[in-house]
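Peer 1: For reference, the sequence and a predicted model appear below.
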Amino acid sequence: MSGIRLERTGPVAHIVLDRPETLNALSVAMWHELRGIVRRLASDRSVRVVAIRGAGERAFSAGADIREFPSRRTGLARARAYDRLVSAALAAIQEAPQPVIAVIRGLAVGGGLELAAACDIRLAAQDARFGLPYGRLGVMPGLGETRALLRLLPPGKLIELVFRGELIDAEEAWRLGLVSEVVPVEELELATQRWIDRLLSMSAETLQAMKAVVQLALRGATENDVSYRELLATVYEGVAFHEGVRAFLEKRAPNFPQHRA
């Protein structure tokens with residue numbers, strides 16, 4: 001793999017950005033690899049949760065590998081190709097049927113923050129730092145990256161964060177809504193496991209449907225769209241629905257299927 005490591009722990013897949021010597025900067029090869037890994041995991045029914053993290057203690061990811069910009073992002077044609085690649089990787093995460101957790105230590109800057117924004121849950125250690133230093137590099141985010149960030153920030157706040165051009169700490173990121181939870185460094189793994197356990201206790205069909213219906217709503221789907229009707233049928237004719245209702249009525253914990261539908 002090109003700077004990315006994949007590990008499995010039962011129903012949980014761990015994607016590790018593994019270039020600590022560059023603060024886990026995301027190369028073109030890594031964006032390609034990330035998209036491919038997420039798509040393969042999406043088709044694996046035994047994978048219930050995906051966690052993405054950076055190797056080492058200094059960074060989730062410091063962003064794109066700027067050393068590649070002269071050859072990979074200069075000029076309209078190359079810039080469009082680069083943006084399409086990044087957008088495809090982020091879309092794969094957003095469209096994956098599993099919940100995706102970003103586990104953040106140190107820097108989550110530029111492309112690193114865009115990647116975290118595409119995930120469903122963002123857990124930050126107190127040493128995490130966030131920012132979008134586009135103005136210091138003379139670059140702009142593509143539409144896919146901007147859409148991912150706008151899932152978390154109102155347009156005005158996103159523009160403000162870019163215009164500030166500085167890093168913010170984890171507590172301010174939490175106040176802005178960029179992260180789901182902030183914990184002491186030594187408790188980050190425990191907090192991650194708590195989230196994993198919580199997600200594994202729920203109906204995989206429901207979690208998958210929640211992500212899907214959000215995507216449909218953002219695309220302007222209506223109740224008459226075929227995709228929405230198919231989603232309704234999957235949920236309300238599924239095993240998890242009947243088990244969840246039966247467990248509630250019988251006042252017991254539900255016993256949901258261990259694999260995704």
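Peer 2: Happy to help now that I have it. Since this is a predicted model, take the numbers as computed values, not measurements.
Peer 1: Point out where the protein drops to low pLDDT.
Peer 2: Scanning the chain with the threshold set as pLDDT under 70 gives 1, 261.
Peer 1: Send me the helix ranked longest in it as PDB with only the CA atoms.
Peer 2: Taking DSSP state H as the criterion, the chain has its longest helix at helix 76-95. Written as PDB, here are the backbone C-alpha positions of helix 76-95 (Å, rounded to 0.1, in the frame of the first residue of the first chain):
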ATOM      1  CA  LEU A  76      -6.600  23.700 -14.900                       C
ATOM      2  CA  ALA A  77      -6.400  20.100 -16.200                       C
ATOM      3  CA  ARG A  78      -4.300  18.900 -13.400                       C
ATOM      4  CA  ALA A  79      -6.200  20.800 -10.800                       C
ATOM      5  CA  ARG A  80      -9.500  19.300 -12.000                       C
ATOM      6  CA  ALA A  81      -8.000  15.700 -12.000                       C
ATOM      7  CA  TYR A  82      -6.700  16.300  -8.400                       C
ATOM      8  CA  ASP A  83     -10.000  17.600  -7.200                       C
ATOM      9  CA  ARG A  84     -11.900  14.700  -8.700                       C
ATOM     10  CA  LEU A  85      -9.600  12.200  -7.000                       C
ATOM     11  CA  VAL A  86     -10.000  13.800  -3.600                       C
ATOM     12  CA  SER A  87     -13.700  14.200  -4.000                       C
ATOM     13  CA  ALA A  88     -14.000  10.500  -5.000                       C
ATOM     14  CA  ALA A  89     -12.200   9.500  -1.800                       C
ATOM     15  CA  LEU A  90     -14.300  11.600   0.400                       C
ATOM     16  CA  ALA A  91     -17.500  10.500  -1.300                       C
ATOM     17  CA  ALA A  92     -16.500   6.900  -0.700                       C
ATOM     18  CA  ILE A  93     -16.400   7.500   3.000                       C
ATOM     19  CA  GLN A  94     -19.600   9.400   3.100                       C
ATOM     20  CA  GLU A  95     -21.400   6.800   1.000                       C
END
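Peer 1: Tell me the buried residues in that helix?
Peer 2: 79, 82-83, 85-94 (16 or more other Cβ atoms under 10 Å). For the C-beta atoms, the positions are set from N, CA and C on the backbone; glycine is no exception.
Peer 1: Which helix or strand contains G112?
Peer 2: Here G112, judged by DSSP states H and E, is contained in helix 111-118.
Peer 1: What is that helix packed up against?
Peer 2: strand 49-54, strand 59-61, helix 76-95, strand 100-104, helix 143-150 (3 or more Cβ pairs under 8 Å, 6 or more residues apart in numbering; DSSP states H and E).
Peer 1: got JSON lines for the ones you listed, with distance to L123 too?
Peer 2: JSON lines is the format used below for the helices and strands packed on helix 111-118 (distance: least, Cβ to Cβ, whole Å):
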{"stretch": "strand 49-54", "distance to L123": "9"}
{"stretch": "strand 59-61", "distance to L123": "10"}
{"stretch": "helix 76-95", "distance to L123": "15"}
{"stretch": "strand 100-104", "distance to L123": "5"}
{"stretch": "helix 143-150", "distance to L123": "17"}
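Peer 1: Now do V38 against A25, distance only.
Peer 2: 19 Å (Cβ to Cβ, to the nearest Å).
Peer 1: from what I can see V183 touches L123, true?
Peer 2: Yes: the pair V183 / L123 is scored as a contact, 6.9 Å apart, by Cβ atoms under 8 Å.
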